[in-house]
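Chemist: One predicted model, sequence on top.
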Amino acid sequence: DNISKYENPPSRGLKLAQTFYNSCLDESTINARGFTPLYESVKHLFGGWILLPSNSPAARSDQGSALKVEQFDLTKLFLTSFRLFGASPLCRIGVGNDQRNSSRFVIDIMEGSVGIQKEHYVNETVFPHKKPVTAYRNFMKNYTRMLGVLEENISAMDEVYKFEKEIAMRTEERGDRDPERNYELITLADLPKFCSVLDWKWLINELYKPLNYAITDDQWIAINDREFFRARCKLIEEYLKNETGIRTLHNTVIWYFLWQTVNRMPIVVGRALEEWKEVELGYKLDGSRWQVCIADVTEQFSMVIGRLFVHDRFDERSKESVTQMIDEIKLAFKENFDSVTWMKDEDKLKALEKVDNMRASTGYPPNIFDLDEENRLFEHIESLNEKTYFENGLHCSESSMLNSLRQLIIQDRHQWELSPHVVNAFYKENANHIYFPAGILQTPLFSRQNPAALNYGGIGMVMGHEITHAFDHYGSKRDANGNLRQWWSEQTREAFERNSQCMIEQYSNYTILDTKLNGKLTLGENIADNGGMKAAYKAFKKVEERSPSQIILPGVNFTSEQLFFLAFAQLWCVAELPQAVLHTVLFDVHTVDPYRVIGTLSNSEEFARVFNCPVNSSMNPAKKCAVW
């Protein structure tokens, strides 16, 4: 409430965030407005919806004449979706680095976006109890009924679902994504040769028009899933051949708009959505309204909220301690190469160079207090209104997309992708850069008052994890500058694949809730967990040797080495309902939490020694997997 506590006077961004938050809290106005803002938006953005009856505020005035084969304009239909969400069923559009020349920024064409996870469409009975697909399809129909679609037209939503499924089937498997195999760099002039269903030059220039930036024929375009992109194009070509297919495309794009904005609808819609949320997420979202609004405002104004977090919760003195820890763990990681017997010496030298070349950022981006930069972030939001939550969301979505596109103009390889308040860390593979936001540099992971065992077993392991990502099955294909290329010998690459296979098989043999884990899907994170643990432990032991900890934890009868491993295990201490666990197993690239601990520690000779685990016991098997 008292934002002047942090900024006086408050910045424009902070005032916009406060207005957005208040509009979210005002449920009485949201409910009183009902579907009016949605109807107005559908009418304005799409010319209306063909499924709605003629007396609906969002009915099409042309009775669908523009949805004939001769008149239909798919590019204009998709333009709205790209402007708001950067996505369509065909593809997503953004900006990124050229995979093979990371100093160059290109326009990215990525996999298409549909309503739910690909795996749900591919295997509709993947969950043993309630089925997310059933809940999703029920909601599609119930929501459209609420909006006024007549019963005789409801079956059109079945066709939308079928089309979404067809798109999902033409999307690369999560555990099988290979940038080397499916990456293609072409010019804008050549893009129609790959896919001719859209007027690409007009579309992309329309997207860049608010930025006053012209895109020419020689602009580089990166297609990140080449063969799948072609397959989706061919599918859409078939749908464009007749009026039935065209109506399905029209209905799909409008449904995607409805789905993306559903959380800003009246409470009656939220209640109808509960079944889907419970089935998909594994629990009911029964949080207070202020919690819902905090989550939304944080997503829309992440750097503004991040700045408040830094003001309120971040100890600037932590940066020096954390930077020193990163240096210690990088050194330990480099020293571990001495014990890597499967790697050729010349490849080790290149790997050492990559670690030396790795940049690290902690706390927050250097420009977070630059209000001129913040004003540029929100220059395309003229104003927000405390009584128009739905429209506020659309303004923020469009502004976010423009900021994404702006990267082609700014070209900052090392821009932060997470806000400082986020409790996470990440490795930016195309820049060879690790980031540790202020949000994760907090207790219990880190405190300047902690003994070294807790800090190195907590945030230290996270640091090692992110460093190791530079050498996982994706990161290892990029050189010291983040460029995608073969920089290892064939012999080293083959040995890496063999060691990786050991880890795939290890984690695939774990079972939870009668479901096998997918060691291929989680390989990169498992390599990072195992390598990160080893580097953090080595760094911790060197610190202990230099200055043994004098801090005694009351009531804790463990050695400092044991505390290190307990701190690591505590990272993944969580209570989850079965459905949430299954969701992680099926969709997450991270191993489900209990086996992040078991899998990593059972590969650790140090853990077995410290806790005296019997040889051939479950936590000290004779066969251990190690990549790094």
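Modeler: Sure, I can see it.
Chemist: Quick one: distance of stretch 179-189 to the chain centre.
Modeler: Stretch 179-189 has its C-alpha centroid displaced from the chain centroid by 22 Å (C-alpha atoms, centre = their mean, to the nearest Å).
Chemist: How about stretch 222-233?
Modeler: Its chain's C-alpha centre and that of stretch 222-233 lie 20 Å apart, by C-alpha atoms, centre = their mean.
Chemist: what's the answer for stretch 377-391, then?
Modeler: Put simply, stretch 377-391 sits 25 Å off its chain's centre (C-alpha atoms, centre = their mean).
Chemist: residues in contact with it?
Modeler: Residues outside stretch 377-391 that contact it (C-beta atoms under 8 Å, 6 or more residues apart in numbering) are 12-13, 16, 19-20, 22-24, 26, 29-30, 33, 37-38, 41, 210, 261, 264-265, 303, 392, 395-396, 398-399, 402-403. For the C-beta atoms, the positions are set from N, CA and C on the backbone; glycine is no exception.
Chemist: How about stretch 247-261?
Modeler: 38, 41-42, 45-46, 49-51, 64, 67, 74, 77-78, 80-81, 84-85, 87-89, 113-115, 140, 143-144, 147, 156-157, 159-160, 163-164, 236, 239-240, 390, 393-394, 397.
Chemist: Quickly note the distance from the closest residue to residue 461 other than its chain neighbours to residue 604.
Modeler: Using C-beta to C-beta, 6 or more residues apart in numbering and skipping the chain neighbours, the partner closest in space to residue 461 is residue 536 (4.4 Å). Residue 536 sits 11 Å away from residue 604, going by C-beta to C-beta, to the nearest Å.
Chemist: The two - which one has more neighbours?
Modeler: More neighbours surround residue 536 than the other of residue 536 and residue 604, with 30 against 22 (other C-beta atoms under 10 Å).
Chemist: I'd assumed that one was in a helix, is it?
Modeler: Yes - counting by DSSP: H, G, I helix; E, B strand; the rest coil, residue 536 is part of a helix.
Chemist: residues contacting residue 317?
Modeler: Counting by C-beta under 8 Å, 6+ apart, residue 317 has contacts residue 448.
Chemist: Quick check: residue 244 vs residue 238, distance?
Modeler: Plainly put, residue 244 is 11 Å away from residue 238 if you go by C-beta to C-beta.
Chemist: Check residue 302 too.
Modeler: 40 Å.
Chemist: Those two: who's more crowded?
Modeler: Of the pair residue 302 and residue 238, residue 302 is the one with more neighbours under other C-beta under 10 Å, namely 20 against 10.
Chemist: wait, doesn't that one sit right on residue 419?
Modeler: Yes - if you go by C-beta atoms under 8 Å, residue 302 and residue 419 touch, sitting 3.7 Å apart.
Chemist: Output the below-cut-off pLDDT ranges for the chain.
Modeler: Where the chain drops to pLDDT under 70, the residues are 1-2, 124-130, 174-177, 281-287, 549-552.
Chemist: can you map out the strands along the stretch 201-350 of the chain?
Modeler: Using DSSP state E, counting those that start in this stretch, the strands of the stretch 201-350 of the chain run over residues 220-223.
Chemist: Same check on the chain?
Modeler: Secondary structure of the chain, counting by DSSP state E: strands at 91-98, 101-111, 184-187, 220-223, 359-363, 426-428, 433-437, 511-512, 515-516.
Chemist: got a markdown table for those strands, with mean neighbour count and distance to residue 494 too?
Modeler: Shown next, in a markdown table, are the strands of the chain (neighbours: other C-beta atoms under 10 Å; distance: least, C-beta to C-beta, whole Å):
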| stretch | mean neighbour count | distance to residue 494 |
| --- | --- | --- |
| strand 91-98 | 20 | 27 |
| strand 101-111 | 19 | 26 |
| strand 184-187 | 15 | 26 |
| strand 220-223 | 20 | 28 |
| strand 359-363 | 18 | 30 |
| strand 426-428 | 19 | 24 |
| strand 433-437 | 24 | 28 |
| strand 511-512 | 14 | 30 |
| strand 515-516 | 14 | 27 |
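Chemist: contacting residues around the nearest residue to residue 96 once chain neighbours are set aside?
Modeler: Nearest residue to residue 96 in three dimensions, chain neighbours excluded: residue 108, at 4.4 Å (C-beta to C-beta, 6+ apart). By C-beta under 8 Å, 6+ apart, the contact list for residue 108 reads 92-96, 222, 224.
Chemist: so can I have CSV of those showing distance to residue 188?
Modeler: Below are the contacts of residue 108 laid out as CSV (distance: C-beta to C-beta, whole Å):
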residue, distance to residue 188
92, 17
93, 12
94, 15
95, 14
96, 16
222, 11
224, 16
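Chemist: Which residue is the nearest non-sequential neighbour of residue 504?
Modeler: What sits nearest to residue 504 in space, not counting adjacent residues and going by C-beta to C-beta, 6+ apart, is residue 519, at 4.0 Å.
Chemist: Okay, the one you found and residue 592: tell me how far apart.
Modeler: Taking C-beta to C-beta, one finds residue 519 at 12 Å from residue 592.
Chemist: what's the burial count for residue 225?
Modeler: Neighbour tally, residue 225, other C-beta under 10 Å: 24.
Chemist: my guess is it contacts residue 171, does it?
Modeler: Yes - using C-beta under 8 Å, residue 225 is in contact with residue 171, at 7.3 Å.
Chemist: Give me the common contacts of these two.
Modeler: residue 111.
Chemist: Could I get the buried residue list for stretch 291-309?
Modeler: Applying a neighbour-count criterion of 16 or more other C-beta atoms under 10 Å, one finds 292-294, 296-298, 300-309 buried in stretch 291-309.
Chemist: Need the max-distance pair from the residues you listed.
Modeler: Greatest spacing in the buried residues of stretch 291-309, by C-beta to C-beta: 292 and 307 (22.1 Å).
Chemist: If you tally nearby residues, what's the number for residue 607?
Modeler: 22.
Chemist: Show me where the stretch 201-350 of the chain has its helices.
Modeler: Taking DSSP state H, counting those that start in this stretch to define them, one finds helices in the stretch 201-350 of the chain at 226-239, 243-260, 267-281, 289-300, 302-313, 318-336, 345-357.
Chemist: Using a markdown table, lay out these together with distance to residue 579.
Modeler: Conversion of the helices of the stretch 201-350 of the chain to a markdown table gives the following (distance: least, C-beta to C-beta, whole Å):
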| stretch | distance to residue 579 |
| --- | --- |
| helix 226-239 | 29 |
| helix 243-260 | 21 |
| helix 267-281 | 7 |
| helix 289-300 | 20 |
| helix 302-313 | 28 |
| helix 318-336 | 36 |
| helix 345-357 | 40 |
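Chemist: how about those, which one is nearest residue 555?
Modeler: Residue 555 lies closest to helix 318-336 among those, at 25.8 Å (C-beta to C-beta).
Chemist: circling back to that earlier point, to residue 215, which of the helices of the stretch 201-350 of the chain lies closest?
Modeler: Comparing those by C-beta to C-beta, helix 226-239 comes nearest, at 18.9 Å.
Chemist: quick check, distance from the closest one to the centre of its chain.
Modeler: Centroid displacement of helix 226-239 relative to its chain, using C-alpha atoms, centre = their mean, is 25 Å.
Chemist: what does it contact?
Modeler: Here helix 226-239 has contacts from 74, 89-91, 109, 111-112, 163, 166-167, 170-172, 182-184, 194-197, 223, 245-246, 248-249, using C-beta under 8 Å, 6+ apart.
Chemist: Report the buried members of the residues you listed.
Modeler: Here, 16+ other C-beta under 10 Å leaves 74, 89-91, 109, 111-112, 163, 166-167, 170-172, 182-184, 194-195, 197, 223, 245-246, 248-249 buried among those.
Chemist: show me what contacts the residue nearest to residue 504?
Modeler: So residue 519 contacts 503-509, 526 (C-beta under 8 Å, 6+ apart).
Chemist: do residue 415 as well
Modeler: Counted by C-beta under 8 Å, 6+ apart, residue 415 has contacts 365, 407.
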